[in-house]
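Participant: Fold the following.
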Amino acid sequence: MVPTWKNGRKGEHHIGKRLDTFFIKESILAKFNFHKSWVVNTAILDHFSVVLELSSRHPKIKYPFKFNPVWLGNSSFDDLVRKFWTQCQVDIALNPMNRLVTKLRLLKAEVKIWGKRQK
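Facilitator: Purely as a prediction, here's the structure:
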């Protein structure tokens with residue numbers, strides 16, 4: 001629990017409190033099915049801003065790509081990766097790391113399609 005207010009003193013005279021209470025009418029809150037709050041790292045005077053986010057939809061959850069080692073035994077998977085990696089052209093203006101990330105993202109999409117066809 002990070003304090004949202006500090007008195008600016010050092011040592012034993014230092015005081016820090018968490019002041020983050022929101023007062024909202026229930027009828028307003030009922031219109032939203034998702035809410036969260038967080039403390040912004042930059043202090044304005046002696047207070048840190050607390051942000052309240054209200055949304056009518058849940059945020060999209062990003063699931064990590066899960067590699068299945070069984071794919072390595074499938075020759076069509078090996079062919080897919082080899083063909084994709086040698087033929088996929090990305091913007092040469094990107095720095096090497098961004099080119100790698102872009103190619104991996106595109107390959108991930110191809111592998112998902114390939115995986116659905118394998119079932």
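Participant: which strand is the longest one in this protein?
Facilitator: Ranked by residue count and defined by DSSP state E, the top strand of the chain is strand 34-44.
Participant: what's it packed up against?
Facilitator: Counting contacts by 3 or more Cβ pairs under 8 Å, 6 or more residues apart in numbering; DSSP states H and E, the secondary-structure elements packed against strand 34-44 are strand 47-55. Placement of C-beta: from N, CA and C, glycine included.
Participant: Run through who's touching the helix or strand that the strand it packs on is followed by.
Facilitator: Next helix or strand after strand 47-55 toward the C-terminus (DSSP states H and E): helix 75-87. Contacts of helix 75-87 from elsewhere in the structure, counted by Cβ atoms under 8 Å, 6 or more residues apart in numbering, are 71, 72, 103, 106, 107, 110, 111, 114.
Participant: Which residue ranges make up each domain of this structure?
Facilitator: Domain assignment for the chain by automatic domain parsing gives 5-55, 69-118.
Participant: Report how far apart the opening and closing residues of the last one are.
Facilitator: Pointing back at domain 69-118 there. Counting by Cα to Cα, to the nearest Å, the length from the leading to the trailing residue of domain 69-118 is 14 Å.
Participant: same deal with stretch 83-101?
Facilitator: The first and final residues of stretch 83-101 sit 18 Å from each other (Cα to Cα).
Participant: how about stretch 15-23: buried residues?
Facilitator: residue 20 (16 or more other Cβ atoms under 10 Å).
Participant: Also stretch 42-60?
Facilitator: By 16+ other Cβ under 10 Å, the buried positions in stretch 42-60 come out as residue 48.
Participant: and for it, what are the contacting residues?
Facilitator: Stretch 42-60 has contacts (Cβ under 8 Å, 6+ apart) with 2-8, 19-20, 22, 29, 31-41.
Participant: Got the phi and psi for the spatially most central residue of the chain?
Facilitator: The C-alpha lying nearest the average C-alpha coordinate of the chain belongs to residue 62 (Cα atoms, centre = their mean; 6.7 Å). When quoted as degrees, to the nearest 10, the phi and psi of residue 62 stand at phi -90, psi 120.
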